[in-house]
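Peer 1: The following comprises the amino acid sequence and a computationally predicted model.
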Amino acid sequence: MYGHGHSESLLGAALHDVPRSGHHRTKAGGGGDCTPAYLRVAVERSLERLRTDYIDLLQLHNPPMNLIAARDTYEPLGSDEA
C-alpha cells in the first residue's frame, strides 16, 4: 500500500524546502495492526520519510474496537490533548 512508504519519501523530498503550513498526513494500521508498538514504529518511520518532526493527521485504517477504547493506543501518537 502506498509503495511501502515510498510515497511519503517522495512527499518528504518534494516538500523539504516548502514552508510548513499543516499539510503532513500519513496513514497507519494497514492490515488491522493498530497496536501501540506498531503505531510507534509507523509514526517514527513516517516522520523520517516526510522529513518532519510532527504529523498533522494520522489515519488509522479499521482499528479493532478494543484498541480504540484502550488509552495505550494513543500514547505513540504523542498528543498532549485528551
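Peer 2: Received it, and whenever you're ready, just let me know what you need. These numbers come from a predicted model, not from an experiment. Numbers count the residues shown, from 1 in each chain.
Peer 1: Out of the helices and strands in this structure, which is least certain?
Peer 2: strand 25-28 (a mean of 53; mean pLDDT, DSSP states H and E).
Peer 1: Please verify my assumption that Ile55 contacts Val43.
Peer 2: Yes. Taking contacts as Cβ atoms under 8 Å, Ile55 lies within contact range of Val43: 6.8 Å. Quick note: C-beta positions are derived from backbone N, CA and C, even for glycine.
Peer 1: So for the residue of the chain most remote from its centre, what's the pLDDT?
Peer 2: Taking Cα atoms, centre = their mean as the measure, the residue most remote from the mean C-alpha position of the chain is Asp17, 20.8 Å away. Confidence at Asp17, expressed as pLDDT, is 74.
Peer 1: do Arg49 as well
Peer 2: Arg49 is given a pLDDT of 85.
Peer 1: tally of neighbours for the residue lying closest to Asp72 once chain neighbours are set aside?
Peer 2: Spatial nearest neighbour of Asp72, excluding adjacent residues (Cβ to Cβ, 6 or more residues apart in numbering): Pro36 at 5.0 Å. Using other Cβ atoms under 10 Å, Pro36 is surrounded by 16 other residues.
Peer 1: Check His16 too.
Peer 2: Residues lying near His16 (other Cβ under 10 Å) number 10.
Peer 1: can you give me the helices in the protein?
Peer 2: Listed in chain order, the helices of the chain (DSSP state H) span residues 6-15, 36-50, 65-69.
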